[in-house]
Each structure stands twice: as structure tokens, then as C-alpha cells.
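Undergrad: predicted model follows, preceded by the sequence.
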Number of protein chains: 2
Amino acid sequence: MTKLRVGVIGGGQLARMMVVPAIELGLEIKVFAEAENSSAAIATTMVGDYTNIDTISEFAKTVDVITFDHEHVPLEVLRELEAKGVSVQPPSRALAFAQNKLDMRKRLSELGLPMPVWAEIRTEQELQEFLTANGGACILKTPIGGYDGKGVRVVRTIQDASDWLTAEGLARVGGSLLAEEKVDFVREVAQLSARRPNGEFRAWPLVQTTQKDGVCAEVICPAPNASNETIAHAAQIAKDVAEGIGVTGVLAVEMFETRDGRLVINELAMRPHNSGHFSIEGSVTSQFEQHLRAVLNLPLGSTEPLGAVAVMVNLLGVDDQNDFVRGFESVLADHPQAKVHTYGKGARKGRKMGHVTVVSNDAEFALAESRATAAALLDA
Amino acid sequence: MTKLRVGVIGGGQLARMMVVPAIELGLEIKVFAEAENSSAAIATTMVGDYTNIDTISEFAKTVDVITFDHEHVPLEVLRELEAKGVSVQPPSRALAFAQNKLDMRKRLSELGLPMPVWAEIRTEQELQEFLTANGGACILKTPIGGYDGKGVRVVRTIQDASDWLTAEGLARVGGSLLAEEKVDFVREVAQLSARRPNGEFRAWPLVQTTQKDGVCAEVICPAPNASNETIAHAAQIAKDVAEGIGVTGVLAVEMFETRDGRLVINELAMRPHNSGHFSIEGSVTSQFEQHLRAVLNLPLGSTEPLGAVAVMVNLLGVDDQNDFVRGFESVLADHPQAKVHTYGKGARKGRKMGHVTVVSNDAEFALAESRATAAALLDA
């Protein structure tokens, strides 16, 4: 059988979850992992250093398209692959914006998309001016290398950022920092979407996300009480971003909903994203299936919901002991409607170890049951 | 992470589809396949002859429980594994009835379960007597070795079976044949269920199945217009069979619904079954997840439906060329609601190559869309 072959760089849980639709659709999936026994070990065909162009090039010869579990592959490696004729999806010109938050803000400004007030910060004076102009507080971010709350700080005085503003500190993050207005938001939402190289675009319903210590904790699909205008606006923003930046595959646009009902873009992820895990059971087409379809330039599937409400609760490591196997049996017994996902990772405090999803036509049940299932696993 | 480890003997599409819930739940799955590049190659850890007790024993040492993709492992091999303390699920005492249709009929008769009139046939005279007593026609089956319509014949004269009734022919199938009344049925139905070693039992809704040349062609869940009595009766039959025979894991009971509204048992399958593929998208818990839970003696998941109707249509090989990759792209474009599954098998006429499922609250749409999607793939 002539199979379409997808190569995934990175062996994390996102690669792991891409294996499922590959099996179902009959696609071949090969993972380039950093280590044996990664979360995606079942599909790993090569283990190595993803910054090494030679090994990545060898890997690329075994597949029809290269895509990603994470956004850390150096741009020069991606550009060299593209120069050799490898199909890289999303392409380096899009990933450049995922890897540099300052470049992302500049590009989204050019596109006229709604964002927090922001500025590039090179000196203590620039930071002080930004603080003064924006109510005495801001979110300061390192443009490169941050994820899951890392490289992000709430700053009220220049002392809060003095370590980042040394010549050494600045050199580590590309020469400057990104300051953003501390948005007065009522909640956070995320717009999941996918786009093919040929331009076909599909969006899922807008979801509400709850962060805890900078990490996604809970997602409700659809976002409760969102107006039709907000829903349509969010989907349009995602389309504008995807087209304006040239994203292919899944794109997650994380946004703040402000007290006065505006949406402003917080972060972008150009890959399947924690805010989209609900779609595995909650949508006709999961984000993982859609990503594989999109990067192979295959037609996209329906993003219609399969129940009135889907709620996803993350399982974050509580310590280096609880890998959720201990409480597994009693939790399955007590929660037969819950879909429990674990990622086969060693236990570590704060680590994304798994998630729980409940889909139901009863919103209260979905919320209570997903939370209770996760709590029972965390307490075991 | 301490993972629960399931070993599956056989590398067909059923083993392949068990890999999905293993990834999702975080179980370890290992497949013992007959060949490299089987349908379940992604999880294959050993390739060999499943009739060889030594290699199977080696494989068994690497897992916590042994289960099956097919029912062909010799009973003496299973008994030897059990004697060594290996957990074999379903156990040999249950599989004995799956491997011998005469023994199955005898046991189900003891249990008082509804069946066609049947008899053990050793001679032409016995066959003639059965034909005379049952309207001049019967279904004649070889007790061992038959599947998907093989080893099954409609017989009207002893000449129709003379090759099977020679001393040589009889010796090949265990010494006798099974004659069954040709049931005057209005339709075929199947009751999917699962049972744990500790006795927990769950049934899915009764489904309607359509066979073509002895092979499953289409499944509708729930069976249209089934009375509440029929639904409850079917589930009770499955429970009686599972308990009476000691089945663990998934059990499919294929039945005829007669013109006067009775159910009579046709065949049993003690593993995930073609009549249960609808459950991948159509149920909270798929038959493949439930099978893994059951054989590991983990609590069973909910079998509630996720839409009003699920329709599954098989993709049977049309020739040795069409592996459904040719028409894949246009079919995905035209049928965004359809879930297309292909099994990674080489094309061969009549071979089970994949299936299509559509879940919808609109029964007519589910039926039309699943059929149209399958037809488009078959015609490509």
C-alpha cells in the first residue's frame, strides 16, 4: 500500500497524539525524538539532535512532509531543509513568528489585528516609560525561548527586570524584550483552526481556557455565553493570522476577552495545542487528525461538535511519584463517562502528564465530571 | 512510568485498532504478528508462529496479559500458557467454544439459549434426516476453521455436501459437521458486550448488521425499530453467553431476528468484532478500549451513544489494485463528516481493507453519507 508519510520532529505528547489519527486514516507516521522512551516512542524511527541538519535531513528523506511537536527547531535548519526541496509545514517563514514574539507582534500590527499595547524594550528607561504610560505594570516577555509561562513576568518596577536588562541577559534573548500592557481581561479564550497549503481553512468553536501558574489548566468548548459576534470575530482573527503569516497545519490563537467585550491576541501556537485536546472526543475531526490532513495538503474534516459541551482538564504532575497509575483503577470505576489520557511520561511536579475530557449534552455534568476525575487522579 | 502491558496475538486490523486506546489511556501494547509489515506493525514486538509454544511463551513474559486479534491459537498452546501462570483473556475454556461450533451449540443448548434447530452430522443419512425434518434445506458448517463465510454452505441435497462427508473430509474438521435450520429471518442483528474476569458486564445498544457473501457489509447502531423487549432480551442473551461460557473481553453475539420477533443465536466472536467498529466514534467507550480494559480487569467504560445514529460501512477490496489511496483526497473533500479508516493492508478482492463511519443525529444523513463515502472509495 502506498502510504502518505508524515515526519514529526519532537517526541512529546503532541507527537504521541498524532499517532492515533495516522493509524485510523492509514497514514504512515515517523517521529524524530530527542531520546528513546519519549512519549511518542511507539512511532519513533530516529533518535537524535533536532538542531543537527545532517540527521534531520536523513530523517526527512524517509517521509513526504516534515511537521512538528514543538517550535524549537532552529530556523536555519528549517530553511536548509526547504532549500533541499523538503516540504516543511508550517514553513519556516511562519515558524519564524512562533519563535520570536517581538517579530510576531510586529507582523500582527502590520496586519491590523487586535493586540495589547506593546513595545520593544532595550533599556531600563524604555521599560520605565512603558510602565508609566500603561498604569504602572506590564507583562514582560523574552521574545525567544519561552513557553508554558516561562520567560514571562509581571513587572511593576525596573528592578523586577534588572537581571533581564543587563547586556548579558539581553544577548541571551535576542537583544531586546517585549513589554505588553497588562490587559484587564474577564477571561481567556482560544481559537483553534487549521489551514492547508492550498488555503483551505476551518475553525473549531471558540473555547474558554483557564490558566494556572501560566499553564493551561481547563478548557470549555464552546466558550460559555460567547456572543455570535465574538465567535465570528475570533474565527476571522484566526483566519487573518493564518493567512497573514502563512501558517499551515493547526494554529491556536490565545486571546484575552476584555471587560468591554474586545478580543486581543495573547499568544500563537503553530501546532496542535493544549487548548484543542477537547477535540479528540468533542469534534468530528480532532486537532491531531486535522493537523495531519493539513500538513499533507489533504482536505480538512468537519469541526462540528459531537456533544453540546466538551470540558478538558489537564493532569499536571503533582510530584515525582504520582504517575496516575496508582489511582487509575478506582478512577475508571467511579467515572465511566470520562476519557482519561496519559502520556507515558515520568512523574515530575508541574509536568503535563495527561488530561481528562468529558463530552456531554449536560454542561454542568461535563464540568463537574471532568474536574472530579482529574481531582481523583491528582489525589491518588 | 509503570505501565500496564497488554500482549496481542495476531497482527490484523483488530490488533491495529487496539493500539489507539492503548496510546490514549497510556497502556503499553505489544503485538505478536505472523509477519513483518502486518496491519499492526506499529506495535509489533515479536514476529513468529503463533502455534509455537516456545516463542509465544517468550512473548508472554514481556506482558501482563495475553489477548487476541483472532481465534486461531491452538487450545493446547493456550492451556500451556495458563499452566505456566500466564493471564490469558479470554481464557482457553471460553475460546474452546469459539474454535468449535459444535461444542458451542452444545454448550448454548445446556444454557437454554435461543438457537436455530441444529444437529451433529456424521453421515449422509443423518444429513438427509435433518433436511427432511427441516423443510429440505439447511446451513451446513465445518465446526472448526471457518470464518467470514468460509466453511459454511447452504445444502439442499446430500450431494451438496458429499465432499465434506468423506472420511477424509470429516477428519479435517474434527469428525463431524454442524447442520443448522435455515432460519426465516427478517434481519440480522448483533449484540456487542464486554465482561471482566471479576464479572462486570456492559452491553452496547443492539445493532443491525447486513452481510454480503457471508461478510459483514454494513452496521447500523442502534438497530432501527427494535422493540424495548428485543433490546433488553438481546443484552440478556449476551450476558448469559458471557457468563455461561466464561468469556472475558469483548463478545459479539450475532443473531437472527425471525419473522415472529424471536432472536436466535447465529455466531459468537470472543474479541472486538466488525459489528462493533461503529463504537470507535459512536460510543463513549469504543470496543477496542473496552477490550483492553476488560482483559486487564480494569473497570469498564460507558457504552452510551454519542449521536442518535452511527452507521459503519465496510471497505472490502475490489481488486488487487485499489487500496483506497487513489480516491482518498477527493473522498475526504466531498465527505468532511465521514470517518475513514484504512488498515494498511495490501489490496486484494474481498479483503477487509478499511471501513467508514458516520455518526449523526440525522439517521438518514448517517446512512446516506457513510454509503456514499464507501462507494466513492470503492469506485475510485
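TA: Okay, I see it. Numbering: from 1, shown residues only, chains lettered A, B, ... in the order given.

Undergrad: mind checking the SS state of the closest residue to A:G169 other than its chain neighbours?
TA: Nearest non-adjacent residue to A:G169, counting by CB to CB, 6 or more residues apart in numbering or on different chains: A:D163, 5.6 Å away. Placement of C-beta: from N, CA and C, glycine included. Of the three states, A:D163 takes coil under DSSP: H, G, I helix; E, B strand; the rest coil.

Undergrad: please apply the same query to the one 5 residues further on.
TA: Per three-state DSSP, the secondary structure class of A:E168 is helix.

Undergrad: least confident secondary structure element in chain A?
TA: None of the helices or strands of chain A scores lower by mean pLDDT, DSSP states H and E than helix A:167-172, at a mean of 88.

Undergrad: residues making contact with the following helix or strand past it?
TA: Note on helix A:167-172: by DSSP states H and E, the next helix or strand toward the C-terminus is strand A:177-181. Under the contact criterion CB atoms under 8 Å, 6 or more residues apart in numbering or on different chains, strand A:177-181 has outside partners A:101-102, A:105, A:116-122, A:126-127, A:130, A:134-135, A:138-143, A:155, A:161, A:164-165, A:170.

Undergrad: picking up where we left off before, and the residue nearest to A:G169, what pLDDT?
TA: Turning to A:D163, the model gives it a pLDDT of 91.

Undergrad: same question for A:G149.
TA: pLDDT recorded at A:G149 is 65.

Undergrad: distance-wise, check the most centrally placed residue in chain A relative to A:E218.
TA: In chain A, the residue lying closest to the centroid (CA atoms, centre = their mean) is A:H273, at 3.2 Å. Distance of A:H273 to A:E218, given as CB to CB, to the nearest Å: 14 Å.

Undergrad: ditto for A:W118
TA: Using CB to CB, A:W118 is found at 27 Å from A:E218.

Undergrad: what's the answer for A:S39, then?
TA: From A:S39 across to A:E218, the span is 21 Å (CB to CB).

Undergrad: neighbour count winner among those two?
TA: Set A:S39 next to A:E218 and count neighbours by other CB atoms under 10 Å in any protein chain shown: A:S39 wins out with 27 against 18.

Undergrad: the more buried one and B:P90, how far apart?
TA: Separation of A:S39 from B:P90 (CB to CB): 31 Å.

Undergrad: A:L378 contacts A:N314, doesn't it?
TA: No. Judged on CB atoms under 8 Å, A:L378 makes no contact with A:N314 at a distance of 10.0 Å.

Undergrad: okay, these two: which has more neighbours?
TA: Using other CB under 10 Å, the more surrounded residue of A:L378 and A:N314 is A:N314, with 20 against 16.

Undergrad: what ranges do the helices span in the stretch 51-200 of chain A?
TA: A:53-60, A:75-83, A:92-99, A:101-110, A:124-133, A:167-172 (DSSP state H, counting those that start in this stretch).

Undergrad: which of those helices sits closest to A:A372?
TA: helix A:92-99 (35.3 Å; CB to CB).

Undergrad: who does the closest one touch, helix- and strand-wise?
TA: Here helix A:92-99 touches helix A:75-83, helix A:101-110, helix A:228-245, strand A:263-269, going by 3 or more CB pairs under 8 Å, 6 or more residues apart in numbering or on different chains; DSSP states H and E.

Undergrad: looking at the ones you listed, which is nearest to chain B?
TA: Among the helices and strands packed on helix A:92-99, helix A:228-245 comes nearest to chain B, with 16.6 Å by CB to the nearest CB.

Undergrad: and the closest one, what's buried?
TA: Across helix A:228-245, burial judged by 16 or more other CB atoms under 10 Å in any protein chain shown covers A:230-231, A:233-235, A:237-239, A:241-242, A:244-245.

Undergrad: excluding sequence neighbours, find me the nearest residue to A:I280.
TA: Spatially, and ignoring its direct neighbours in sequence, A:I280 is nearest to A:S286 (4.6 Å; CB to CB, 6+ apart).

Undergrad: ugh, typo on my part, it should be A:L27
TA: Counting by CB to CB, 6+ apart, A:L27 lies nearest to A:L4, which is 5.1 Å off, once chain neighbours are set aside.

Undergrad: got phi/psi on the one you found?
TA: With angles defined as degrees, to the nearest 10, A:L4 sits at phi -70, psi 140.

Undergrad: what of the one 5 residues further on?
TA: When quoted as degrees, to the nearest 10, the phi and psi of A:I9 stand at phi -90, psi 120.

Undergrad: and it, what are its bridge partners?
TA: Bridge pairing for A:I9 (DSSP bridges) gives the partners A:F32, A:F68.

Undergrad: contacting residues around it?
TA: Contact analysis of A:I9 by CB under 8 Å, 6+ apart lists A:32, A:50, A:56, A:59, A:66-70, A:73.

Undergrad: please redo it, this time with the cut-off set to 6 Å
TA: The contact partners of A:I9, by CB atoms under 6 Å, 6 or more residues apart in numbering or on different chains, come to A:32, A:50, A:68, A:73.

Undergrad: residue in the stretch 201-350 of chain A nearest to chain B?
TA: For the stretch 201-350 of chain A, CB to the nearest CB, closest residue to chain B: A:T342, 3.1 Å.

Undergrad: spell out which residues of chain A are next to chain B.
TA: A:1-2, A:19-20, A:23-24, A:26, A:284, A:298-299, A:301-302, A:306, A:323, A:325, A:329, A:332-333, A:336-337, A:341-342, A:344, A:346 (CB under 6 Å from any CB of the partner chain).
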